[in-house]
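Participant: fold the following and give me the result.
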Amino acid sequence: MAFGIFTREKKESLNKGLQKTNESFFTRLGKAVAGKSTVDDDVLDKLEEVLIASDVGVTTTLKIIERIQQRVARDKYLGTTELNRILKDEITSLLAENQSHVTGDFEIPACNKPYVIMVVGVNGVGKTTTIGKLSAQYKKTGKSVLLGAADTFRAAAVDQLKQWGERNGIPVVSRGMNTDPSSVAYDAVKEGLDKNADVVIIDTAGRLHTKTNLMNELSKIRRVIQKVIPEAPHEVLLVLDGSTGQNAAIQAREFTKATDVTALAITKLDGTAKGGVVIGISDEFKIPVKYIGVGEKVDDLQVFNNAEFVDSLFTGR
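Facilitator: Reported below is the predicted structural model:
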């Protein structure tokens, strides 16, 4: 049995990955509406507190509350028993506004090969692991992949990417630590072009001394990549750690200032009750959430589907 574009296995993984968020959110919501039969101002005030406590973010929370207020004003007889349905509807609608069309597979847009992805994000968010899982998923769909180890400030990042390459049988272009990141990126894209690879994924440094350094480094990598393929990178993927809640939103603000981010991957949602941050980040930045991480296995990196995400968020309610 399939759930839309999701297999049963993916749906179960998503449900499990969002379980902590689901339980925390509805425990708070249950307390907020206890003893109430109608959705009045007091219930809405408490719902606002629940959404903010679930890391949805203040701006997005107020937007959701305003939409529910309008629904209540139209239908005077809405009760607290219907609040879950209304809330689910409005969150689904909000996410749909900010998401581009999602396919059920790890597809790449039609372009002259290779499709170049530059991956950015601070250290510790699961950036290199996301690259490893993403490359494995691409390979599983029959694509040839090549990785570039351009996070040359950390030996662990270079070694980790090599390990993923060996595990998945995917070549890694590496020049070791303390080499020029942009030269590694250049070599990786050039090799990808020469070998007619479908996808080239470039890892980049997660932390430089100042925002100016970060901006300059990412700009330099972009410029040298464009010497090989003028329209590259085709995608700049920002990886965020969902377990950090609103800190992930702060990181997103910094990186969107530093470079032209085109897609988001939000990791580690299985270990946290802060899954609401996906809703707030999608709404605030108007950048598609392309992938979410809901577990340790390679297949637990999923293509984000807003309807399935909300369905799992409300599972059993």
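
Participant: and for the residue most central in space within the chain, nearest residue in space, chain neighbours not counted?
Facilitator: Among the residues of the chain, the one closest to the centroid is residue 265, at 2.2 Å (Cα atoms, centre = their mean). Of all residues not flanking residue 265 in the chain, residue 291 sits nearest, at 4.1 Å (Cβ to Cβ, 6 or more residues apart in numbering). C-beta: built from backbone N, CA, C; applies to glycine.

Participant: hmm, residue 237 and the residue nearest to the centre of the chain touching each other?
Facilitator: Yes. The pair residue 265 / residue 237 is scored as a contact, 5.8 Å apart, by Cβ atoms under 8 Å.

Participant: joint contacts of those two?
Facilitator: Both residue 265 and residue 237 are in contact with 290, 291, where contact means Cβ atoms under 8 Å, 6 or more residues apart in numbering.

Participant: partner strands of the strand or helix carrying the residue nearest to the centre of the chain, parallel or antiparallel?
Facilitator: According to DSSP states H and E, residue 265 maps onto strand 263-267. With DSSP bridges as the test, strand 263-267 is paired with strand 235-241 (parallel), strand 289-293 (parallel).

Participant: list the contacts of it.
Facilitator: Contacts for strand 263-267 (Cβ under 8 Å, 6+ apart): 125-126, 129-130, 134, 235-242, 248, 252, 277-278, 281-282, 285, 287-293, 301, 304.

Participant: do the same with stretch 71-81
Facilitator: 33, 36, 37, 38, 39, 43, 44, 86, 90.

Participant: residue 160 and residue 182, how far apart?
Facilitator: Separation of residue 160 from residue 182 (Cβ to Cβ, to the nearest Å): 20 Å.

Participant: neighbour count for the two, which is higher?
Facilitator: Neighbour tally, residue 160 and residue 182, criterion other Cβ atoms under 10 Å: the higher count belongs to residue 182, 22 against 19.

Participant: surely the more buried one is in contact with residue 218?
Facilitator: No. Judged on Cβ under 8 Å, residue 182 makes no contact with residue 218 at a distance of 9.6 Å.

Participant: nearest residue to residue 290 other than its sequence neighbours?
Facilitator: residue 263 (4.1 Å).

Participant: what is the neighbour count of that neighbour?
Facilitator: Neighbours of residue 263 using other Cβ under 10 Å come to 17.

Participant: so what's the gap between stretch 51-60 and the chain middle?
Facilitator: 17 Å (Cα atoms, centre = their mean, to the nearest Å).

Participant: straight-line length of that stretch, end to end?
Facilitator: 9 Å (Cα to Cα, to the nearest Å).

Participant: list the buried ones in it?
Facilitator: Buried residues in stretch 51-60, defined by neighbour count with 16 or more other Cβ atoms under 10 Å: 51, 52, 53, 54, 55, 56, 57, 60.

Participant: for stretch 217-231, same thing?
Facilitator: Neighbour-count burial for stretch 217-231 flags 217, 218, 221, 222, 224, 225, 228, 229 (criterion: 16+ other Cβ under 10 Å).

Participant: tell me the SS of the closest residue to residue 173 other than its chain neighbours?
Facilitator: Spatial nearest neighbour of residue 173, excluding adjacent residues (Cβ to Cβ, 6+ apart): residue 188 at 4.0 Å. What DSSP: H, G, I helix; E, B strand; the rest coil gives for residue 188 is helix.

Participant: what about the protein, any weak spots by pLDDT?
Facilitator: 1-6, 76-77, 100-104, 208-211, 316-317 (pLDDT under 70).

Participant: residue 118 versus the residue lying closest to residue 153 once chain neighbours are set aside, what's the distance?
Facilitator: Of all residues not flanking residue 153 in the chain, residue 205 sits nearest, at 4.9 Å (Cβ to Cβ, 6+ apart). Relative to residue 118, residue 205 is positioned 12 Å away (Cβ to Cβ).

Participant: so those two - more neighbours on which side?
Facilitator: Neighbours were counted for residue 205 and for residue 118 using other Cβ under 10 Å; residue 118 has more, 28 against 22.

Participant: cool, thanks, talk later.
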